[in-house]
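Asks: generate coordinates for the sequence data below:
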Amino acid sequence: MIYRSKAPLRIGLAGGGTDVSPYCDLYGGAVLNATISLYAYASIELLDTDDIIIEAIDRKEIEMHKRNSQLPINGKLDLAKGVYNRIVRDRGDMPSGFKLTTFVDAPAGSGLGTSSTLMVAIIGAFVEWLNLPLGEYDIAHLSYQIERNELQMAGGKQDQYAATFGGVNFMEFYKEDKVIVNPLRIKQKYLHELENNLLLYFTATSRLSSTIIEEQQKNVNNKNEKSIEAMHQLKEQAQMMKEALLTGKIDEIGKILDFGSRYKKQMAQGISNPKMDELYEAALKAGATGGKISGAGGGGFMMFYCPGNSHYKVHETLMHFGGNFHRYQFTNTGLISWTI
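Replies: Sure, this is the predicted structure:
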């Protein structure tokens, strides 16, 4: 038997960073994101031995361990081992040895929520195999707990919920890990237009988001007024984006993205850099009306809103910078799992 799962990556359209503690605990956070047709995959194949084999094909990493021991957290394949350790601790020994194989359609550090999405996919495969009684909120919260609390990986809360629920969602974040996911009913023609006009560009670099996020958290703890005010404005940006999408004011999205991009840089150092600033300005000169760095910043993907037919000129202009564009579609489903 093989137990499989996949979960979609996401693009954050507005409010990114306000889902990170302690900001959301103190002030409440709001994020608007949408899942896209890039995925994290996990497969569990049962073995006749007591071995546990974990392989990340895209990262060319593999480890073998004996069944029912707590696996070492050592910086290699920690997401998978963290899930295994938590499930064993909660429900007891695994019924057999197995091989867990994973793959992600985008590189780590790309700003599309790859780590959290992979965590959700891994949990999904175990839920499918062991028939664990976990709903969508349970899976997203468990993923957050393992990644942020047990593995001590810095980050926010939106990625786990986006990957689990899927679709276009307005999410609210409060103290004590309270999260409310509000699915948005957006007319299909508005989503088609957004998909047509919103270019997803990979800068051919990746970054360690935890460093940027840790500084952002430090700024809130130290009551850095400039940083906190920037987060307040980004929370307002999420409301603006929600209204524009629901009412079909799609060509306002570029300005809303630009509004957020200016404030995002004020949350912490390292969110942008001279190369990314040059990319951004070149896109605006070519016809884009706004854009943003995906995820925590510092590298990875950028997105640009290009009204009318301006995306052809923006595409041509940015190709000279050495990155590449990724085609995508919005998806309306989150985590799915099945058995073969």
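Asks: use CA for all of it now, contacts and neighbours both
Replies: OK.
Asks: gap between the lengthiest helix in the chain and the chain center?
Replies: For the chain, the helix reaching the highest residue count under DSSP state H is reported as helix 225-247. From the chain centre to the centre of helix 225-247 is a distance of 18 Å (CA atoms, centre = their mean, to the nearest Å).
Asks: what residues of that helix count as buried?
Replies: Buried residues in helix 225-247, counted by 16 or more other CA atoms under 10 Å: 227-228, 230-242, 244-245.
Asks: likewise for stretch 213-220?
Replies: Those would be Ile213, Gln216, Gln217, Asn219, Val220, for stretch 213-220 by 16+ other CA under 10 Å.
Asks: got it, and stretch 180-189?
Replies: Val181, Pro183.
Asks: ok, now stretch 18-31?
Replies: 18-25, 27-31.
Asks: quick one on the thing from earlier: can you list the residues that contact the longest helix of the chain?
Replies: Helix 225-247 is contacted by residues 13-18, 23, 29-32, 170, 184-187, 190, 216, 219-220, 250, 252-253, 256, 259-260, 263-264, 266-268 when judged by CA atoms under 8 Å, 6 or more residues apart in numbering.
Asks: what mean pLDDT does it have?
Replies: For helix 225-247, the mean pLDDT works out to 96.
Asks: oh, and call the first residue 30 from now on, that's how I've got it
Replies: Sounds good: first residue 30 from here, last item helix 254-276.
Asks: can you give me how far the helix or strand that comes right after that helix is from the chain middle?
Replies: Going down the chain from helix 254-276, the next helix or strand is helix 282-293, by DSSP states H and E. How far helix 282-293 lies from its chain's middle: 19 Å, per CA atoms, centre = their mean.
Asks: output helix 282-293 as CSV, restricted to C-alpha atoms.
Replies: What follows is helix 282-293 as a C-alpha-only set of coordinates in CSV (Å, rounded to 0.1, in the frame of the first residue of the first chain):
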residue,chain,number,x,y,z
ILE,A,282,-4.4,45.6,-7.0
GLY,A,283,-1.2,47.0,-8.4
LYS,A,284,-1.5,50.1,-6.3
ILE,A,285,-2.4,48.0,-3.2
LEU,A,286,0.6,45.8,-3.7
ASP,A,287,2.9,48.8,-4.1
PHE,A,288,1.4,50.3,-0.9
GLY,A,289,2.3,47.2,1.0
SER,A,290,5.7,46.9,-0.6
ARG,A,291,6.7,50.3,0.7
TYR,A,292,5.7,49.4,4.3
LYS,A,293,7.0,45.9,4.2
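Asks: who's the residue nearest to Tyr309 when sequence neighbours are not counted bridged to?
Replies: In space, and not counting its chain neighbours, Tyr309 is closest to Gly320: 7.3 Å by CA to CA, 6 or more residues apart in numbering. Here Gly320 sits in beta bridges with Phe333, as judged by DSSP bridges.
Asks: Gly320: neighbour count?
Replies: 29 (other CA atoms under 10 Å).
Asks: for the buried residues of stretch 242-249, which one is nearest Lys105?
Replies: Ile242 (21.3 Å; CA to CA).
Asks: just the pLDDT at that closest one, thanks.
Replies: The predicted local confidence for Ile242 is 81.
Asks: pretty sure it is touching Arg177, no?
Replies: No - Ile242 is beyond contact range of Arg177, at 12.0 Å (criterion: CA atoms under 8 Å).
Asks: just say helix, strand or coil for Gln172.
Replies: For residue 172 the amino acid is Ser, not Gln. helix (DSSP: H, G, I helix; E, B strand; the rest coil).
Asks: now the helices for the stretch 80-229 of the chain?
Replies: Taking DSSP state H, counting those that start in this stretch, the helices of the stretch 80-229 of the chain run over residues 107-120, 143-159, 165-173, 187-194, 217-226.
Asks: before I go, just wanted to say thanks for your time.
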